[in-house]
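Novice: Let me see the structure of the following:
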Amino acid sequence: MTDNTKNVLIVDDEPPLRMLIRAVLESDGWKVFEAESGEKALEMLSDLSLNAALVDMRMGGMDGMTLLKELNTRVPGLPVIMLTAYGNVNSAVIAMKHGAFDYLTKPADNEELKAVLAKALDYSRLVDENERLKSVAGTSEKMIGNTQGMRRVKELIEQAGPSEATILVLGESGTGKELVAEGLHKASLRAQQPLIKVNCAALPADLLESELFGYVKGAFTGANTNKPGRFQLAAGGTLFLDEIGEMEQVLQAKILRALQEKVVEPLGSISPVETDVRIIAATNRDLKKEVEKGNFREDLYYRLGVLEINIPPLRERIGDLPALVAYLLEKLGHKNSKKVRSVSHSFLDLLSHYSWPGNVRELENVLERAIILSRSEVLGPELLPPQVQNPKTRCLPPNNLSSSGVPAQHADQPKSTVGTSSLDDAERQALIAALEANMHHRERTADALGISRRTLQYKLKKYGLTRR
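Specialist: Presented below is the predicted three-dimensional model:
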């Protein structure tokens, strides 16, 4: 299906009702198909590409519940909305527990009907996008690198992927935590089901709660229909909670309950809903320290961290730099319609001596900038931003650099492995240089480094730069 298709099947044995619904939905841009029975609907399935189905609960012959089960089997992921009389709402609620997307009482209010179908359309497109991503999984972004740290990450993905354990992915911003979550999902027994992602830092607590757990009609002003949460959308699959360290403790308690009891409670509902999801969480924070400070629940930390996967920062795996650069040149060159064959030795040398506070995301931004500005098939050092060219931001790579084919050229600097303190100093100098290059404009500085405003603020506070 294309993004602009809006195909719906109405299954009801009352022709006047089908005609009424058709008129409402066609005026809203839907292409409407009709079936007078469940048996007829199943016959039509092979010829239709549907975004949603409206099914009457009570019909002659095959009833709505039986048809729902058949549709769930034959067209997994199809949003099925049940139509029921006022006196039969309990049956519709039971149908939702067996996979119905929502229900409407007859005769349905026109605006409510449109609103429910709009949400069903969004869900249908989400399912289609998941299927599209699965079909191109072989050509999607890969985890590049063969240094010891990255080999360990790949081994853990291979070993832990098929399990049902919750996984905690740790790493600085820009290291590729989302890629690890995708790898774990693809290696799992849930790979054919949805992978639903939630950035816990992107929404305020009240909105995040409704996104995660959903809500029922009338839960608050503007809640005109039931809305399934991300837990429900991820049913049978994987839920990726990114930046979980930013989540407030009230929500942490609800996540803990979902993990322990396998149920969630939509806002405004008094009935818990069973959920079958595997949770993968990620954070750039030290959760042990957050537990000690009282910012993160200890019981949730141990629930999430059945297995921890630590992604090394780019400065600790400089040996992977040539492979990363080669991969990103091809990807970004294609994206920007530029033919870039390689980088010069001096270009790669500068990259290999930079501390990369924004990690792989910053590397990608630096390379894309250079590709856009380049007039040659070989990228030269003049295309690099000031913070990479500035000697104050440079640090020697680890000793394993020479085995990667990138020589350390600077004999005037010590050749020992860079320690934590020197790396911190290099990162601090890189931040100062980036701030100065961007006139101390924090949003532009964060963009240049390939990190979020929140991460930049954290690093400025860490290095005492907030007053500069």
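
Novice: In the protein, where is pLDDT below threshold?
Specialist: By pLDDT under 70, the weakly predicted segments of the chain are 1-4, 86-87, 89, 126-127, 129-142, 391-427, 448, 450, 467-468.

Novice: center of it - which residue?
Specialist: With distances taken as CA atoms, centre = their mean, the residue of the chain nearest its centroid is K197 (3.2 Å).

Novice: Tell me who's in contact with it.
Specialist: The contact partners of K197, by CB atoms under 8 Å, 6 or more residues apart in numbering, come to E178, A181, F240, D242. (Each C-beta comes from the backbone N, C-alpha and C, glycine too.)

Novice: Spell out the secondary structure type for it.
Specialist: Under the three-state scheme (DSSP: H, G, I helix; E, B strand; the rest coil), the conformation of K197 reads as strand.

Novice: Over to the one 5 residues further on?
Specialist: When classified by three-state DSSP, A202 comes out as coil.

Novice: got it, and G99?
Specialist: Remark: G99 carries the secondary structure label coil [criterion: three-state DSSP].

Novice: Give me the nearest residue to it, chain neighbours excluded.
Specialist: Nearest-residue entry for G99: N72, 4.7 Å, with adjacent residues in sequence omitted and distances by CB to CB, 6 or more residues apart in numbering.

Novice: which ones are touching that neighbour?
Specialist: L78, V80, H98, G99.

Novice: please redo it, this time with the cut-off set to 10 Å
Specialist: For N72, the residues meeting the contact criterion (CB atoms under 10 Å, 6 or more residues apart in numbering) are L78, V80, H98, G99, A100.

Novice: element containing it, please.
Specialist: Secondary-structure element containing N72, defined by DSSP states H and E: helix 64-74.

Novice: Show me what counts as buried in that helix.
Specialist: Neighbour counts using 16 or more other CB atoms under 10 Å place G64, M65, L67, L68, E70, L71 of helix 64-74 among the buried residues.

Novice: From G77, how far off is the third one?
Specialist: Distance of L67 to G77, given as CB to CB, to the nearest Å: 16 Å.

Novice: if we can go back for a sec, next SSE downstream of the helix holding N72?
Specialist: Beyond helix 64-74 in the direction of the C-terminus, DSSP H and E gives the next helix or strand as strand 80-84.

Novice: now the angle between helix 64-74 and that next one, please.
Specialist: When axes from the mean of the first three to the mean of the last three CA atoms, to 10 degrees is applied, the directions of strand 80-84 and helix 64-74 differ by 180 degrees.

Novice: who are the neighbours of strand 80-84, in terms of helices and strands?
Specialist: strand 7-11, strand 52-56, helix 64-74, helix 89-97, strand 102-105, helix 110-135 (3 or more CB pairs under 10 Å, 6 or more residues apart in numbering; DSSP states H and E).

Novice: Tell me what the residue nearest to the centre of the chain is bridged to.
Specialist: With DSSP bridges as the criterion, K197 is bridged to F240.

Novice: Which neighbouring elements make contact with the one helix or strand L363 maps to?
Specialist: L363 is located in helix 359-373, with elements delineated by DSSP H and E. Here helix 359-373 touches helix 321-335, helix 345-352, strand 378-379, helix 386-389, helix 442-449, going by 3+ CB pairs under 10 Å, 6+ apart.

Novice: mind redoing it with 8 Å?
Specialist: Helices and strands in packing contact with helix 359-373 are listed as helix 321-335, helix 345-352, strand 378-379, helix 442-449; criterion 3 or more CB pairs under 8 Å, 6 or more residues apart in numbering; DSSP states H and E.

Novice: Okay, buried residues for that helix please.
Specialist: Going by neighbour count (16+ other CB under 10 Å), the buried part of helix 359-373 is N359, V360, R361, E362, L363, E364, N365, V366, L367, E368, A370, I371.

Novice: how's the chain carved up into domains?
Specialist: For the chain, the domain assignment from automatic domain parsing gives the residue ranges 7-134, 146-312, 315-462.

Novice: on that earlier part again, send the alpha carbons of the helix holding L363 over as PDB?
Specialist: Provided in PDB are the C-alpha atoms of helix 359-373 (Å, rounded to 0.1, in the frame of the first residue of the first chain):
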ATOM      1  CA  ASN A 359      30.600   9.900  18.700                       C
ATOM      2  CA  VAL A 360      29.400   8.200  15.400                       C
ATOM      3  CA  ARG A 361      26.600  10.700  15.000                       C
ATOM      4  CA  GLU A 362      29.100  13.600  15.100                       C
ATOM      5  CA  LEU A 363      31.300  11.700  12.600                       C
ATOM      6  CA  GLU A 364      28.300  11.300  10.200                       C
ATOM      7  CA  ASN A 365      27.600  15.100  10.500                       C
ATOM      8  CA  VAL A 366      31.200  16.000   9.800                       C
ATOM      9  CA  LEU A 367      31.400  13.800   6.800                       C
ATOM     10  CA  GLU A 368      28.100  15.000   5.400                       C
ATOM     11  CA  ARG A 369      29.200  18.600   5.700                       C
ATOM     12  CA  ALA A 370      32.400  17.800   3.900                       C
ATOM     13  CA  ILE A 371      30.600  15.900   1.100                       C
ATOM     14  CA  ILE A 372      28.200  18.800   0.500                       C
ATOM     15  CA  LEU A 373      31.100  21.300   0.300                       C
END
